[in-house]
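Trainee: Here's a sequence, model it:
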Amino acid sequence: MRPAALFLLAGLLEVGGGYLVWLWLRQHRSPAFGAAGFLALALYGTIPALQDPNNSFGRVYAAYGAVFIAISMVWGMIVDEQALDALDYVGAAICLLGALVMMWPRGG
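Mentor: The predicted structure follows:
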């Protein structure tokens, strides 16, 4: 349960932080949006270090990438009100399956 919670927290910080920077730069919002986005992104950068030390940095970040794809799609549906199609769902499922395979406990 803890690894899943860390993946979710990191994903929300990464996507949310990126979105705040997007609002600041692309929609000319207050610099406070950019500052909050940078803070969220900095916090996101610390979360992977809390994962199981038996997993390498590269493996953890590769798996995070798959989770971020899924979170970004949900974010787009909710925040940007963007409709997803079948290929979006299939692509996200493939990515999440890959993340599960990469993070599966190793024997040894």
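Trainee: same for the helix or strand residue 5 falls within, what does it pack against?
Mentor: Using DSSP states H and E, residue 5 sits in helix 2-26. If contacts are counted by 3 or more CB pairs under 8 Å, 6 or more residues apart in numbering; DSSP states H and E, helix 2-26 sits against helix 31-46, helix 57-78. For glycine as for every other residue, the C-beta is placed from the backbone atoms N, C-alpha and C.
Trainee: pretty sure residue 63 is touching residue 96, no?
Mentor: No: between residue 63 and residue 96 there is no contact under CB atoms under 8 Å: 9.4 Å.
Trainee: Who has more neighbours out of these two?
Mentor: residue 63 (24 against 15; other CB atoms under 10 Å).
Trainee: do you know how far that one is from residue 54?
Mentor: Distance, residue 63 to residue 54, using CB to CB, to the nearest Å: 13 Å.
Trainee: what's next to the helix holding residue 5, contact-wise?
Mentor: Helix 2-26 is contacted by residues 29-31, 33-34, 36-41, 43-44, 47-48, 50-52, 63-64, 67-68, 70-72, 75, 79, 103 when judged by CB atoms under 8 Å, 6 or more residues apart in numbering.
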